[in-house]
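Chemist: Here is the input, now give the coordinates:
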Amino acid sequence: MTTATAPATARPDDGYTGGIARLYDLVHQGKGKDYAREAADLAELVTSRVPGARSLLDVACGTGLHLEHLTAAFDTAEGLELSPDMREIAVRRNPGVPVHPGDMRDFALDTTYSAVTCMFSSIGHMRDQAELDAALARFAAHLDPAGGVVVVEPWWFPETFTPGYIGASVVEAEGKTISRVSHSRLEDDATRIDVHYLIAEPGRDITHLSESHRITLFTRAAYELAFTRAGLAVEFQEGGPSGRGLFTGVRA
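Modeler: Residues are numbered from 1 along each chain as shown. As a prediction, this is how the structure comes out:
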């Protein structure tokens, strides 16, 4: 069995790299994540807040699966992604669609959008209130001057996180059998999630990959403060695509 281990740190600039990035879609789609449905719901939410919305920037767009479907809902849909490996996949998946390299804390694009979105709890990789504030300020700065909406899918709140949670799944796709096991524990004010993958293919040794992330358990009040400081009137909705809710913010 061969072993490759992803970086053990969980700073926002680590991202998803190498073999982990290539497994990302197979694992999450195999677990039942419906990107098409989520994108349709997201587009409906955006247009309910900004009727006639024509453009969208998906921050931390990952491999571009949401973006693939959002391009049909808006005249312009673009992505922003920190991880070079994830971005490369997103570019291949969405030919002709701009997928900008950038960090959500300090990106500056020479354009504005009707909507800026940040899904799948990517915002949880911010380490503290200052970084959360910086990200929301950047989102708000990229809204059209006439108005726009920011949509953020948070990570768990401290009171909704389950310490010690074990996740397990087995996915068969593209000739591979992939077993994923995760363990989430409380680490100060954050989730430490360790994930291990076993990948089996006919005629090859079983491969082991692992990753570890520290995802901050911001309170609902901390998110709302960041929206308010960015000049956005904030609303929280229960549920959302992953059960962790959604924050929406429009210019106050």
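Chemist: Compute the number of surrounding residues for the closest residue to residue 91 other than its chain neighbours.
Modeler: What sits nearest to residue 91 in space, not counting adjacent residues and going by Cβ to Cβ, 6 or more residues apart in numbering, is residue 99, at 5.1 Å. No exception for glycine: its C-beta is placed from N, CA and C like everyone else's. The local packing of residue 99 (other Cβ atoms under 10 Å) involves 23 other residues.
Chemist: quick one: residue 99 from residue 199, how far?
Modeler: With distances defined as Cβ to Cβ, to the nearest Å, the gap from residue 99 to residue 199 amounts to 26 Å.
Chemist: cool, residue 207 as well?
Modeler: Plainly put, residue 207 is 4 Å away from residue 199 if you go by Cβ to Cβ.
Chemist: Ok, residue 225 next?
Modeler: Distance, residue 225 to residue 199, by Cβ to Cβ: 42 Å.
Chemist: Over to residue 19?
Modeler: With distances taken as Cβ to Cβ, residue 19 is found 8 Å from residue 199.
Chemist: so what sits against both of the two?
Modeler: Overlap of the contact sets of residue 19 and residue 199 (by Cβ atoms under 8 Å, 6 or more residues apart in numbering) consists of 207, 209.
Chemist: Give me the more crowded residue out of those two.
Modeler: residue 199 (21 against 16).
Chemist: That one: helix or strand, and which one exactly?
Modeler: For residue 199, the host element (DSSP states H and E) is strand 190-200.
Chemist: low-scoring stretches of the stretch 1-150 of the chain, by residue?
Modeler: Applying pLDDT under 70 to the predicted model, the residue ranges of the stretch 1-150 of the chain that meet it are 1-15.
Chemist: Tell me where it has strands.
Modeler: 2-5, 55-59, 76-81, 99-101, 115-118, 149-152 (DSSP state E, counting those that start in this stretch).
Chemist: Export these to a markdown table and append columns for distance to residue 143.
Modeler: As requested, these are arranged in a markdown table below (distance: least, Cβ to Cβ, whole Å):
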| stretch | distance to residue 143 |
| --- | --- |
| strand 2-5 | 40 |
| strand 55-59 | 9 |
| strand 76-81 | 14 |
| strand 99-101 | 16 |
| strand 115-118 | 6 |
| strand 149-152 | 7 |
